[in-house]
Structures are given as C-alpha cells and as structure tokens.
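Student: Return atomic coordinates for the entry below.
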Amino acid sequence: MAPCRPRTPQHKGKVEKGGVQYVKRNFLAGCDSAPLAQVNTQVRHWCVQVAGQRVHGTTQEKPMDRFTKTEKAQLQPLTDHPYELAAWKQAKVHRDGYIVFDRAYYSVPFRLVHQPVYLRDTGRHLRIYTQDHQLVATHTRAEEPGQRQTHPQHLPADKQAGVLWQRPECRHLAKQLDPATAHIVEGWLTDPVLERLPTARRLLRLENQVGAQRLEAACARAVRFGDPVYKTIRRILTQGLENQPDPAPAQPPRRPALCVRTRS
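Tutor: Numbers count the residues shown, from 1 in each chain. As a prediction, the model looks like this:
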C-alpha cells in the first residue's frame, strides 16, 4: 500500500484514470436520481456482474477471478465495532500534571510535567501519547467544561491518597480532628457557589506535615479572626502563630476633660 496525500489526484493517476473514471463513465453515467438504498443495490450487482467480469487491462484477468483465487484468502474479518474517527492535537503538560483539552482537564503521569504530548480524541475517549508515540494515559471524555479526569497513579505519591477523598471522606477525617477544623471543612463543602473540595483536601493533608494539634490551633485562630481561608491558616502555621495570644483589642482614644468657665 502506498498512501497518498488527500486532495492530490495527480499523485495516484492510475487509480483516478483506471478506477474512478471507469466507475463514472460505466456506472454513474447511466444512473438517475434514485434512493440511496436502491443505488447501493444496483452498484453491488454492477461490481460483481459487470465490472468484475471484464478482462482487466493490467492483470489480463477478470477481477472476480483474481479476487477468488488470490485476494479473498488474505482478507481479515471485520472488527466488532466501527472504525474510530479521531482528531489529533499537541498539548503541553502543566506543572500540576494535567493537560487542557476542550476546556476540561486530564491527568498525565507526573514525570511528563512541562513536556509536549500528543492527544488523540475519538469523541468518547482521549488518549495521550509521548513524543515517541508511547501511550501513557486513556481517559473518558469529560462531560462538562472545567471537569477533571484523574488517574491517581499519575500523581506524586504524597498526593495520591488525598485525591481519592470525596466529600464523605473529608467530613469523616475532619470530625476526627477538633471542632474548629471540622467547622471550616463543613463550611467549605457546603458552599453553594464555589467548588471547595480540593481546598478541603489540601487543608486535611496539612495534618501529615504539622500534626492535628497545630492544625486545630491554626484553624481556631483563623475562626476567631473571622478569616477561615486556606491561605490564612497556612500563613499562621508557617509563621508559628497558632499558639500566640490574641492581640489585645485597641483602646479608644481618651477624650480630654472639658473645662467649664463661669462668668463672674
């Protein structure tokens, strides 16, 4: 087989002249506007009884005889599923280990961060290949923009467990800690506007770094100051402020005493 570029008939002149032109002049020339099913029946009969019985100019054999003797035995059975039409695209792996395709996110083995990869989209699945065409990931296509499709084994070992935590697991882990941590996590998970599940995972993973006691103290301090956000809690832990006494409230300035003068 010698593949040719699309829309370049001059690259396959023998096919265009001997095959396409023959069909146009000998079958299509006598066809009128008929339903597709009827035309398919007619062309099937024409291929076997007319085109297949002529003596071919190159092989000097009838095509049907050549097919029966040589080519039929070489045919392979059809697959159980139709051929997949695919679109290819090149992308770059972001520093978090994901690529972006059609406004959704798909995980890639973390060792490929910052490297270009090839994407093969079939409409139902997205396959990701390295530059040397090695398949490294297969994902089901996301159903909506912004959705993340993640294989935990693609992530670094220290992040794999956290990715598997869904809302029930996060609530359970938070309740095993103290009230301030559980209060903050519950508030994030019930946010009606923002998706806070990834933030809750990051907060709970801090226990492995600083311990449950320090994490609870930092969460309690953030609640007291009315700023229970992840950045604040992280900053409290980084600066070691979780056990520091709260600053005394500012005293209002003293007003000077009034001097009353009387007229004599």
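
Student: CA atoms for contacts and neighbours, from now on please.
Tutor: OK.

Student: Other residues contacting stretch 202-209?
Tutor: Here stretch 202-209 makes contact (C-alpha atoms under 8 Å, 6 or more residues apart in numbering) with 162, 170, 173-174, 215, 230.

Student: Restrict that stretch to CA atoms and write it as CSV.
Tutor: Presented in CSV, the C-alpha positions along stretch 202-209 are these (Å, rounded to 0.1, in the frame of the first residue of the first chain):
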residue,chain,number,x,y,z
ARG,A,202,-5.2,20.4,51.0
LEU,A,203,-6.2,21.5,54.5
LEU,A,204,-6.6,18.0,55.7
ARG,A,205,-3.3,17.0,54.2
LEU,A,206,-1.6,19.6,56.4
GLU,A,207,-2.1,17.2,59.4
ASN,A,208,0.6,15.0,58.0
GLN,A,209,3.0,18.0,58.0
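
Student: So for it, what gets flagged as buried?
Tutor: By neighbour count on 16 or more other C-alpha atoms under 10 Å, the buried set for stretch 202-209 is 203-206.

Student: same check, this time on stretch 221-228
Tutor: Under the neighbour-count criterion of 16+ other C-alpha under 10 Å, stretch 221-228 has 221-223, 228 buried.

Student: Just the closest of these to Glu71, please.
Tutor: Proximity of those to Glu71 was ranked by C-alpha to C-alpha; the top entry is Pro228 with 74.1 Å.

Student: how far away is that closest one from Pro35?
Tutor: With distances taken as C-alpha to C-alpha, to the nearest Å, Pro228 is found 69 Å from Pro35.

Student: okay, now the nearest residue to Tyr129 once chain neighbours are set aside: neighbour count?
Tutor: Of all residues not flanking Tyr129 in the chain, Leu135 sits nearest, at 4.4 Å (C-alpha to C-alpha, 6 or more residues apart in numbering). Using other C-alpha atoms under 10 Å, Leu135 has 14 other residues around it.

Student: The chain should start at 145 in everything you say after this.
Tutor: Happy to do that; since the first residue is 145 now, the last one works out to Leu279.

Student: Quick one: residues contacting Leu279.
Tutor: Taking C-alpha under 8 Å, 6+ apart as the test, what Leu279 contacts is 271-273.

Student: Tabulate those (JSON lines), appending secondary structure and pLDDT.
Tutor: Shown next, in JSON lines, are those (DSSP: H, G, I helix; E, B strand; the rest coil; pLDDT from 0 to 100):
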{"residue": "Arg271", "secondary structure": "strand", "pLDDT": "97"}
{"residue": "Ile272", "secondary structure": "strand", "pLDDT": "98"}
{"residue": "Tyr273", "secondary structure": "strand", "pLDDT": "98"}
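
Student: Show me what counts as buried in stretch 255-268.
Tutor: Buried residues in stretch 255-268, counted by 16+ other C-alpha under 10 Å: 256-258, 260-265.

Student: swap in stretch 208-218?
Tutor: So, applying 16+ other C-alpha under 10 Å, buried residues of stretch 208-218: Met208.

Student: which residues are contacting it?
Tutor: Taking C-alpha under 8 Å, 6+ apart as the rule, stretch 208-218 contacts 192, 196-197.

Student: what's the answer for stretch 323-334, then?
Tutor: Residues contacting stretch 323-334 (C-alpha under 8 Å, 6+ apart): 311, 314-315, 318-319, 339-341, 344, 359-360, 363-364, 367, 372.

Student: just these: which has the poorest pLDDT?
Tutor: Least confident entry in the contacts of stretch 323-334, by pLDDT: Glu339, with 80.
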